[in-house]
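Q: how does the following fold in three dimensions:
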Amino acid sequence: MNHHHRQPTDEEVMAIVIPAGSEAEQEDDEGKTLVIDLDPPLDVRKAGTFEELRLREPSVYQILCAAQAIGRQLTPETVYNSQIGLVARITGVPERAIIELPTTVLDRAIVFVTGFEEEARRKPDEMPDTAPSFSLIFPEPIEATGRTFSDMTLREPTVRERRIMKGAEAKGTPEAFLQAEIALVEAVSEWPKAAVLKMPISKFAQAADYLTGFFLSGPATGNA
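A: Below you'll find the predicted structure:
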């Protein structure tokens, strides 16, 4: 059987990606986790009692699930619903409890978990980095497919690889763009998809921005 071209099923990817309990316990570098105490504790029928929200940097997989939840229509409602789901996934607190939180508590959680990608992404007026190669180091190595990944080396994409993004542009959904960026990082880095999905979103954003930066610096940028 040729494993190279077969997309893993969601179940396979989830089995590889989500040891959720162990992930939530990890306290890593300062600024990477936020604990919000719920005082009084949140008591939700059939869901339990929750004394805190424990937040950490999302993985690519968690952000992909949030993008899938937005669906085809990017509206304030679909975005808010996807953010509720993202906070639930990261904290392990069920959505039916999350929706009973005071709104300012959820807003604080959303700002924290979405901030990692926002801060890492290239700003609209920033010049892309078109260096011949780009490296990322992972102080906490990523374990996937029975291997350990501690650094990623990228280079300018080929025309064949650039075509990956063109398909996404046609679909135009947040999920399609993210899926295309994942496929592009996977193709150029030669990391398996499971390892790319486990990357912290800030590292992934840097990798994807480097690769797509070559597509922005083509002809007709308008800058004489």
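Q: where do the helices sit along this structure?
A: 10-17, 20-25, 60-70, 76-91, 95-98, 103-120, 159-171, 174-189, 193-197, 201-216 (DSSP state H).
Q: got a list of what L55 touches?
A: By Cβ atoms under 8 Å, 6 or more residues apart in numbering, L55 lies in contact with T33, L34, V35, I36, V87, I90, T91, A109, F112, V113. Every residue, glycine included, has its C-beta placed from N, CA and C.
Q: got TSV for the residues you listed, with neighbour count, pLDDT and distance to K203 too?
A: Shown next, in TSV, are the contacts of L55 (neighbours: other Cβ atoms under 10 Å; pLDDT from 0 to 100; distance: Cβ to Cβ, whole Å):
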residue	neighbour count	pLDDT	distance to K203
T33	15	94	16
L34	16	96	19
V35	11	96	23
I36	16	96	25
V87	23	98	21
I90	23	97	17
T91	22	97	21
A109	24	97	21
F112	19	97	17
V113	24	97	15
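Q: make CSV out of the residues you listed and add distance to E77.
A: Listed next are the contacts of L55 as CSV, based on distance: Cβ to Cβ, whole Å:
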residue, distance to E77
T33, 29
L34, 25
V35, 29
I36, 24
V87, 16
I90, 21
T91, 22
A109, 18
F112, 21
V113, 19
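Q: comparing the helices of the chain, which gets the lowest mean pLDDT score?
A: Mean pLDDT is lowest for helix 20-25 among the helices of the chain, at a mean of 37.
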